[in-house]
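[1] fold the following, please.
(one chain, ligands or ions: 1)
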Amino acid sequence: MSDNNETLESLLQEKRLFPPPESFKRAAVATSEIYKEGEDPEAFWARTASELHWFERWDKVLEWNLPFAKWFVGGKINASYNCLDRHIGGPSRDKTAIIWEGEPGEQRTITYFDLYREVNAFANALKKLGVKKSDRVTIYMPMIPEIVIAMLACARIGAPHSVVFGGFSAEALRERINDAEAKLLITVDGGYRRGKVIPLKQSADEILKDTPTIESVVVVRRVGDILRTAMRQGRDYWYHDVVSGAEEYCKPEQMDAEDMLFLLYSSGTTGKPKGVVHTTGGYLTGVYTTFKYIFDYKPEDVFWCTADVGWITGHSYIIYGPLLNGATQVMYEGAPDYPGRGRWWSIIEKHKVSILYTAPTAIRSFIKWGTAWLEQYDLSSLRLLGTVGEPINPEAWVWYYKYVGNEGCPIVDTWWQTETGQVILTPLPGVTVCKPGSVAHPFPGTGAEVVDEHGNPVKPGGSGYLVLTKPWPAMLRTLYKDEQRYIETYWSRFPGKYLTGDGAKLDEDGYFWILGRVDDIIKVAGHRISTAEVESALVDHQAVAEAAVIGIPHEIKGEAIAAFVILKEGQEGTPQMQQELRAHVRKKIGPIAVPETVIFVSELPKTRSGKIMRRLLRDIASGRAPGDVSTLAEPAVMAELKQKYESQEAE
Ligand code: PRX
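    As a prediction, the model looks like this:
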């Protein structure tokens, strides 16, 4: 773990401690008592689950048949009922649920009652289009209110949603639709990104001939006449047409606690994305509870999570967590630097945002752009800050604390994953003394350990593999149609313990520090990308014989992608070829997976059994002396690779 040791050194340079401000502590939702309560996880989770609405209460809190969990066995519940109906009977009926800002500057304010009406109408429209309980619905949309409506409408009728990030390519969309065997696709004519219109329906049209299970497509009109959107008769319907005639009320389906609420595809260590399965009762309990305590939620708060709904952060902390709590939140469609680099700060000032939840990569961009951008705005409404998605370097943490939080806001650095569904490691804002760069402790009712390669817990001060030791309510239940892969990926390395794929350190005070992935997953600007996925996109190009992909440190994005490529006989490694390969990856996966660097080589470092040693490629890319090369089939290849890498770097 030589890469990790470097990360660790930089993390540990910052020694200051940041206790919660006294005034924050006095009014905090969570007190230190909550850790005591969490010592009996089943009682703790049952207590918080009871704050939700159940059509029928569960018979048993947890049935743990390792590695298969069932939470709230026998309970009947509906996600959309809990996000909407539960609030509209009381004073929250006219409370703002979403303040939406479009990139070009429009604004929509949507109350809980507005959302309730829209969701009911669209749920009825979906039924009319033939969607039934347990049919999968794929959603391919940008950050507009209709994505919230679409997800809750699916949840209302018991049809699991499978949201595909709007920045994925059409081919990535096809793969995910076909794996889910989705019956219906919900998309949009186009969305705005840095002033440009991204035509999503047009992209979807490229692949809809190869998605045999899709019967209908519903299209939201977002950009209108700017695009000429082709609609196929009998298959494609405008959203506004299908809702305009729909009945007002749709009875929510009584879902079993263990019925699937959604599927979300995530990168694994092979080229094929994994369909992570989340069920209803436990997931809702997990995100409801963590939102309430980690974000210290109070009814007057204005929450803003800057993630895209297409990722798990958006599912748990834009859709379900805030809406289950009846919160008011901001949703923004576009880029942070459009039309200027002060856009986010203007949003915070205008809507008096009190809680901001974002990613380290965004913070590092702001540092680079300079403080002048935020000094023009009044950010005094902020009282709590959060980060997620990748390790935060202490410099970025301290900058966030000082310039965004004006040295008065606690920062919650939350560690979790698509698979965990809810935050697992985090400080609690009125309780924990924060250490910049550390994710502090397991949330009450959950368990984590750092173990050595034999699965034994390391002593304080040691580092190793991060594992989770107790089942938690929002945990993934399986991988869609691939139970074997579920068992192998998460539960085989250390029996009885969930393998996260991350390296971590436990310090002398019992704080956890995340060191980054120890498998072949890269985090580029917080986005999760597997090396195998990018490699298979590269070898799909007719000129490529072989490819190996690694993550290299990047000042803003945390990591960037470097690809080592062997071309077929007769092909030339020209700058045009580099461009062509980058464009090919963009087409196969999407802009987030495009390699920053493409290096043409004639050999790759392989073991005698033919396995590529990416560790050695990482050594070359970071200018380190290569580690142990004794298992290489051809040790001489290292000299050639080093020379090629350095000469291409110099160009
Ligand atoms: O490596 C960890 C990193 O993100 C991975 C999970 O990625 P994904 O499923 O896309 O979910 C991201 C948003 C929840 C983890 O295995 N990660 C996430 N949060 C942190 C983090 N690394 C360090 N610190 C964090 N706070």
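[2] contacts and neighbour counts: CA atoms only from here.
    Will do.
[3] which stretches of the stretch 501-650 of the chain form helices?
    531-539, 575-588, 614-621, 637-650 (DSSP state H, counting those that start in this stretch).
[4] please dump these into CSV; it should also carry mean neighbour count and distance to the ligand for every row.
    Output for the helices of the stretch 501-650 of the chain, formatted as CSV (neighbours: other Cα atoms under 10 Å; distance: least, Cα to the nearest ligand atom, whole Å):
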stretch, mean neighbour count, distance to the ligand
helix 531-539, 22, 14
helix 575-588, 17, 19
helix 614-621, 20, 17
helix 637-650, 15, 27
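[5] just put those in TSV and tack on distance to Arg517 and mean pLDDT.
    Output for the helices of the stretch 501-650 of the chain, formatted as TSV (distance: least, Cα to Cα, whole Å; pLDDT from 0 to 100):
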stretch	distance to Arg517	mean pLDDT
helix 531-539	12	95
helix 575-588	22	97
helix 614-621	13	90
helix 637-650	24	83
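[6] right, and the ones you listed - which one's nearest Val398?
    helix 614-621 (28.9 Å; Cα to Cα).
[7] so how far is the closest one from its chain's centroid?
    27 Å (Cα atoms, centre = their mean, to the nearest Å).
[8] mind starting the numbering at 778 from now?
    In the new count, where the first residue is 778, that last one comes out as helix 1391-1398.
[9] so it versus helix 1414-1427, what angle?
    Helix 1391-1398 and helix 1414-1427 are oriented at 40 degrees to each other (axes from the mean of the first three to the mean of the last three Cα atoms, to 10 degrees).
[10] what's in contact with helix 1391-1398?
    Helix 1391-1398 is contacted by residues 1325-1329, 1382, 1402-1404, 1406, 1418-1419, 1422 when judged by Cα atoms under 8 Å, 6 or more residues apart in numbering.
[11] how about 10 Å then?
    Applying Cα atoms under 10 Å, 6 or more residues apart in numbering, the contact partners of helix 1391-1398 are 778-780, 1297, 1308, 1325-1330, 1339-1341, 1381-1383, 1399-1406, 1409, 1415-1416, 1418-1420, 1422-1423, 1426.
[12] what ranges do the strands span in the stretch 928-1077 of the chain?
    938-940, 961-965, 968-970, 973-975, 993-997, 1013-1015, 1032-1033, 1037-1043, 1051-1056 (DSSP state E, counting those that start in this stretch).
[13] lowest average confidence, helix or strand, in this protein?
    helix 779-789 (a mean of 56; mean pLDDT, DSSP states H and E).
[14] what is the subsequent helix or strand relative to that helix?
    Using DSSP states H and E, the next helix or strand after helix 779-789 towards the C-terminus is helix 799-804.
[15] sorry, back to before: columns mean pLDDT on top of the strands of the stretch 928-1077 of the chain, output as TSV?
    Putting the strands of the stretch 928-1077 of the chain into TSV (pLDDT from 0 to 100) gives the following:
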stretch	mean pLDDT
strand 938-940	98
strand 961-965	98
strand 968-970	94
strand 973-975	95
strand 993-997	98
strand 1013-1015	98
strand 1032-1033	98
strand 1037-1043	97
strand 1051-1056	97
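[16] of all these, which one is nearest the ligand?
    Taking Cα to the nearest ligand atom, strand 1037-1043 is the member of these nearest to the ligand, at 6.6 Å.
[17] neighbouring strands for the closest one, and are they parallel or not?
    strand 938-940 (parallel), strand 1051-1056 (antiparallel) (DSSP bridges).
[18] anything in that strand near the ligand?
    No - counting by Cα under 6 Å from any ligand atom, the ligand is not contacted by strand 1037-1043; separation bottoms out at 6.6 Å.
[19] mind saving the C-alpha coords of that strand as CSV?
    Taking C-alpha atoms only, strand 1037-1043 is exported to CSV below (Å, rounded to 0.1, in the frame of the first residue of the first chain):
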residue,chain,number,x,y,z
MET,A,1037,-37.1,-3.8,-3.9
LEU,A,1038,-37.3,0.0,-3.8
PHE,A,1039,-34.6,0.6,-6.4
LEU,A,1040,-31.7,-0.7,-8.4
LEU,A,1041,-28.6,1.5,-8.9
TYR,A,1042,-25.7,0.4,-11.1
SER,A,1043,-22.2,0.9,-9.8
